[in-house]
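> Got a predicted structure plus its sequence, pasted below:
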Amino acid sequence: MNKLCTRLKYKKYVLDDMSMTAWHCYRCNLTFKDKSHVDMHKEISRHDARKVELPE
Ligand SMILES: [Zn+2]
């Protein structure tokens, strides 16, 4: 079960890495590649992250 989880996470990471879409929080100057991290950040800090396109 744990192994499967890790594999799924890895696969997701690779897919995210291939996409050039990211989210940037200008207040923290942080860039997020994972939408779930953006949601987490929004919940914690109440900051809105803007969608950006990352150069390759
Ligand atoms: Zn922030």
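Structure received.

> Please make it C-alpha for all contacts and neighbour counts, starting now.
OK.

> Who is Thr31 paired with across the strands?
Listed beta-bridge partners, Thr31: His24 (assigned using DSSP bridges).

> tally of neighbours for it?
18 (other CA atoms under 10 Å).

> Tell me how many other residues surround the nearest residue to Glu53 once chain neighbours are set aside.
Nearest non-adjacent residue to Glu53, counting by CA to CA, 6 or more residues apart in numbering: Thr21, 4.8 Å away. Close neighbours of Thr21, defined as other CA under 10 Å, add up to 17.

> Make sure Thr21 is actually in contact with Lys33.
Yes. With contacts counted by CA atoms under 8 Å, Thr21 reaches Lys33, the gap being 7.0 Å.

> thinking again about what came up before, against Asp39, how distant is the residue nearest to Glu53?
As judged by CA to CA, to the nearest Å, Thr21 and Asp39 stand 15 Å apart.

> Which parts of this protein are strands?
21-25, 30-32, 50-53 (DSSP state E).

> Report all helices and strands that the second one contacts.
On a contact count with 3 or more CA pairs under 8 Å, 6 or more residues apart in numbering; DSSP states H and E, strand 30-32 meets strand 21-25.

> And the contacts of the strand it packs on?
Contact with strand 21-25 is made by 30-35, 38, 47-54, as judged by CA atoms under 8 Å, 6 or more residues apart in numbering.

> Now that strand: buried residues?
21-25 (16 or more other CA atoms under 10 Å).

> Stretch 26-46 now?
For stretch 26-46, by 16+ other CA under 10 Å, it's 31-33, 38, 41.

> Okay then, goodbye and thanks.
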